[in-house]
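In: here is the input, now give the coordinates:
(chains A and B)
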Protein chains: 2
Amino acid sequence: MNTMIRIGIVGYGNLGRGVEAAIAQNPDMELVGVFTRRDPATVDVKSEGVSAYRLDDLISMKGDVDVVILCGGSATDLPEMTPKLARDFTVIDSFDTHAKIPEHFAAVDAAAREGGNLAIISVGWDPGMFSLNRALARAILPVGEDYTFWGKGVSQGHSDALRRIDGVIDARQYTIPVDAALSAVRAGETPKLSTREKHTRLCYLVVEEGADKARIEQEIVTMPHYFDEYDTTVEFISAEEMARDHAGLPHGGIVLRSGKTGLSEENNQIIEYSLKLDSNPEFTSSVLVAYARAAHRLAEQGEQGCRTVFDIAPAQLMIITPEEMRATLL
Amino acid sequence: MNTMIRIGIVGYGNLGRGVEAAIAQNPDMELVGVFTRRDPATVDVKSEGVSAYRLDDLISMKGDVDVVILCGGSATDLPEMTPKLARDFTVIDSFDTHAKIPEHFAAVDAAAREGGNLAIISVGWDPGMFSLNRALARAILPVGEDYTFWGKGVSQGHSDALRRIDGVIDARQYTIPVDAALSAVRAGETPKLSTREKHTRLCYLVVEEGADKARIEQEIVTMPHYFDEYDTTVEFISAEEMARDHAGLPHGGIVLRSGKTGLSEENNQIIEYSLKLDSNPEFTSSVLVAYARAAHRLAEQGEQGCRTVFDIAPAQLMIITPEEMRATLL
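Out: Numbers count the residues shown, from 1 in each chain, chains lettered A, B, ... in the order given. Have a look, this model is predicted:
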């Protein structure tokens, strides 16, 4: 009897490679293959004895894969691929376009039910563990205020926006929580905070020789949605400095709930959840892999349709038994 | 159709009064009565229109109560009362003697199954939300180290131990995390920490006139289990200072997991969950009430036996629907 959970990875960018690394840390899981839209011959899978396959070949390996972890992007990949694969596989993704989650959920739920499969979407840290903590904190402290701060960390969307500016060769954008706002919330105040009061943005740019730095900086600080509502700092650096100091993808953030309890609501109660991540994609991958265990167990129990982190009991994520959990972790 | 969840409180100390206050913050719940082993005529229930009853009368009100929240102590009350009441009611308790949880679980599980009921035990913050966070963090980061720090806060067990010393009139003991240890863990180090390196203990004492303070202090710092393994500070204060500065029951603490990810486990990832509580019992009560909602829903679905926080999906705690959760919290 094969008791290992057999995982297929779809997509082999930062997230896919992070999932591969996370599987190696979980002794009840094995990587069956990496499935890609690129030419498999050009994909060098790190894990010994594991091959890359064409995405179209995945369906022919249906009996060999317990859970498919989708590691594509939320803009165009996942809205199409997750419902498509949910017809034939237990699937899990990290769809993170918050506004479109209900729509994505409906599409994946319909496809999974059609195929009699189980799917979990929007797994990672935000959406994911941050969402879970927002929910738990609100359930415990119904009278109170929520705050989510992101950073310090690299925003890939904002870095991409900078790279699209004429004259910019490379860019890295760090989102940074404003200390004063964070301190106020931690002190039990419940301030109304504007966008500008919560985060600042720090941009490092490598530009073409002779580029008009004043024009570039002006384009950045006035860029709608991305920068115009923030206090933004722009620093011009060399390609060497970029490679030396900004190669990683650190991130993190803080979810706070500041609530009141007591018959006269006289007592402050503060719940804080924070992440400090050297690698944003690897952490998301680690969360995906833990929830892949839950997806497999629920599928084995015959459950069907789409789920989110809200629907999964914590025990389903754990490699140890409920008995061991009660004896060692409770 | 009555859609309100009807709660009975057993025991009306700090915890029971906290549950009463928390019910008032949850619009889908109502307090049916307070059940006590004292003379009900001596119990002044704060909520308008709610009475105190003899504990023995609870069974006769079986049809009027959806969930019984047990608010007794873990030393002698809960080991007897939770299994007894689980035969007839959906019950929930905050049993917190960590070493005896498996034994308590077995007794409650057997009784609940015998009666066809659902029970949730060891709900609060430790055991409870801290346990949940230890489990989630370990599932996500299987390679790493756990750290739990308590305080700054009042330990009632240690305060009671101080009050038993000859010559002591009143006492309050604060448990305090050691900053250096906390900073090291937050910086990504994974130190092995002795008991002494993790927490210090600060004692405020009101003593009888003419009491031998040197003898009392010596008794404290050498007291086995409670103080001998810690750096303990003893301060003698007046009864007025005690009443003015130490009337509350603040507490809190921090659960950290420091893990590694990546194919060479080269990246640090830190998950931190912390609580800063003005009122320890009221926070425990608020967690109990949120899980009472889950207990009621699971019982309505026909589930039977004993559960812990590990077994409950977060959506079961929420007053809003899964659709609303996905649209607003994910």
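In: so where is chain A shaky, pLDDT-wise?
Out: Within chain A, the stretches with pLDDT under 70 are A:1-2.
In: ok, now with 50
Out: Residue ranges of chain A with pLDDT under 50: A:1.
In: which parts of it are strands?
Out: A:5-10, A:29-36, A:52-54, A:67-70, A:90-92, A:118-120, A:144-150, A:153-154, A:168-177, A:199-207, A:231-236, A:251-261, A:267-277, A:305-307 (DSSP state E).
In: ok, the last one: who's next to it in the sheet?
Out: Spelled out, that is strand A:305-307. strand A:118-120 (parallel) (DSSP bridges).
In: I'd like the distance from the partner strand to the chain centre, please.
Out: 17 Å (C-alpha atoms, centre = their mean, to the nearest Å).
In: contact partners of it?
Out: The set of residues that contact strand A:118-120 without belonging to it, under C-beta atoms under 8 Å, 6 or more residues apart in numbering or on different chains, is A:82, A:86, A:90-93, A:108-109, A:111-112, A:291, A:294-295, A:298-299, A:303-309, A:312. No exception for glycine: its C-beta is placed from N, CA and C like everyone else's.
In: can you put the strands of chain A in CSV and add distance to B:His246?
Out: Listed next are the strands of chain A as CSV, based on distance: least, C-beta to C-beta, whole Å:
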stretch, distance to B:His246
strand A:5-10, 53
strand A:29-36, 51
strand A:52-54, 65
strand A:67-70, 53
strand A:90-92, 50
strand A:118-120, 48
strand A:144-150, 26
strand A:153-154, 41
strand A:168-177, 34
strand A:199-207, 39
strand A:231-236, 43
strand A:251-261, 20
strand A:267-277, 15
strand A:305-307, 47
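In: pick the most buried one from these.
Out: Each of the strands of chain A was assessed for mean neighbour count using mean count of other C-beta atoms under 10 Å in any protein chain shown. The highest is strand A:90-92, with a mean of 29.
In: number of nearby residues for A:Glu241?
Out: Other residues near A:Glu241 number 13, with proximity taken as other C-beta atoms under 10 Å in any protein chain shown.
In: which of the contacts of strand A:118-120 count as buried?
Out: Of the members of those, the ones counted as buried by neighbours, 16 or more other C-beta atoms under 10 Å in any protein chain shown, are A:82, A:86, A:90-93, A:108-109, A:111-112, A:291, A:294-295, A:298-299, A:304-309, A:312.
In: among those, which lie within helices?
Out: By the criterion of DSSP state H, membership of the buried ones among the contacts of strand A:118-120 in helices covers A:82, A:86, A:108-109, A:111-112, A:291, A:294-295, A:298-299.
In: what does the stretch 101-250 of chain A have sitting close to chain B?
Out: When proximity is defined by C-beta under 8 Å from any C-beta of the partner chain, the stretch 101-250 of chain A lies next to chain B at A:101-102, A:105, A:122, A:127, A:129, A:131-136, A:138-143, A:186, A:188.
In: quickly note the distance from A:Ala294 to chain B.
Out: 9 Å (C-beta to the nearest C-beta, to the nearest Å).
In: hmm, A:Pro79 is touching A:Phe105, no?
Out: No. Here A:Pro79 does not reach A:Phe105: they are 11.2 Å apart, not a contact under C-beta atoms under 8 Å.
In: and these two? Which one has more around it.
Out: Neighbours around A:Pro79 and A:Phe105, counted as other C-beta under 10 Å, are more numerous at A:Phe105. The numbers are 23 against 20.
In: show me the residues around the residue in the stretch 1-150 of chain A that chain B sits nearest to that make contact.
Out: Among all residues of the stretch 1-150 of chain A, A:Ala139 sits closest to chain B, at 3.9 Å; criterion: C-beta to the nearest C-beta. With contact set as C-beta under 8 Å, 6+ apart, A:Ala139 has these partners: B:290, B:293, B:314, B:317-319.
In: which residue comes closest to it once chain neighbours are left out?
Out: Computed as C-beta to C-beta, 6 or more residues apart in numbering or on different chains, the closest residue to A:Ala139 that is not its neighbour in sequence is B:Leu317, at 3.9 Å.
In: tell me how many other residues surround that neighbour.
Out: Close neighbours of B:Leu317, defined as other C-beta under 10 Å, add up to 22.
In: hmm, back to that, make JSON lines from the ones in helices among the buried ones among the contacts of strand A:118-120 and add distance to A:Gly167 to it.
Out: Output for these, formatted as JSON lines (distance: C-beta to C-beta, whole Å):
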{"residue": "A:Thr82", "distance to A:Gly167": "38"}
{"residue": "A:Ala86", "distance to A:Gly167": "44"}
{"residue": "A:Val108", "distance to A:Gly167": "41"}
{"residue": "A:Asp109", "distance to A:Gly167": "46"}
{"residue": "A:Ala111", "distance to A:Gly167": "45"}
{"residue": "A:Ala112", "distance to A:Gly167": "47"}
{"residue": "A:Tyr291", "distance to A:Gly167": "42"}
{"residue": "A:Ala294", "distance to A:Gly167": "48"}
{"residue": "A:Ala295", "distance to A:Gly167": "46"}
{"residue": "A:Leu298", "distance to A:Gly167": "51"}
{"residue": "A:Ala299", "distance to A:Gly167": "51"}
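In: what's the farthest-apart pair in these?
Out: Greatest spatial distance among those (C-beta to C-beta): A:Ala111 and A:Ala294, at 19.2 Å.
In: re earlier: only whichever of the contacts of A:Ala139 are buried, select them in ChimeraX.
Out: This is how ChimeraX selects the buried members of these, with burial counted by 16+ other C-beta under 10 Å:
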select /B:290,293,314,317,318
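In: between the contacts of A:Ala139, which is closest to A:Ala75?
Out: Within the contacts of A:Ala139, the smallest distance to A:Ala75 is 27.9 Å, found for B:Pro314 (C-beta to C-beta).
In: against chain A, how distant is that closest one?
Out: When distance is defined by C-beta to the nearest C-beta, B:Pro314 is 5 Å away from chain A.
In: I'd say that residue and A:Val309 touch.
Out: Yes. B:Pro314 lies in contact with A:Val309 (C-beta under 8 Å); the separation is 7.2 Å.
In: between the two, which contacts overlap?
Out: Common contacts of B:Pro314 and A:Val309 (C-beta under 8 Å, 6+ apart): A:Leu132.
In: name the residues linked to A:Thr232 by a beta bridge.
Out: According to DSSP bridges, A:Arg201 are recorded as the beta-bridge partners of A:Thr232.
In: and it, what is it in contact with?
Out: Remark: with contacts taken as C-beta under 8 Å, 6+ apart, A:Thr232 is in contact with A:200-203, A:220-221.
In: hmm, which two among the residues you listed are most spread apart?
Out: Largest separation among those by C-beta to C-beta: A:Thr200 and A:Ile220, giving 13.2 Å.
In: can you show me the CA trace of stretch A:253-263 as CSV?
Out: The C-alpha coordinates for stretch A:253-263 follow below in CSV (Å, rounded to 0.1, in the frame of the first residue of the first chain):
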residue,chain,number,x,y,z
GLY,A,253,3.3,41.7,7.5
ILE,A,254,1.0,41.9,10.4
VAL,A,255,-2.7,41.2,11.1
LEU,A,256,-4.0,42.9,14.2
ARG,A,257,-7.4,43.0,15.9
SER,A,258,-7.9,45.4,18.7
GLY,A,259,-11.1,44.5,20.5
LYS,A,260,-13.0,45.3,23.7
THR,A,261,-14.5,42.8,26.2
GLY,A,262,-16.4,43.1,29.5
LEU,A,263,-20.0,44.1,30.3
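In: picking that back up, and which of the contacts of A:Thr232 is nearest to B:Asn268?
Out: Relative to B:Asn268, and with distances defined as C-beta to C-beta, the nearest of those is A:Leu202, at 21.5 Å.
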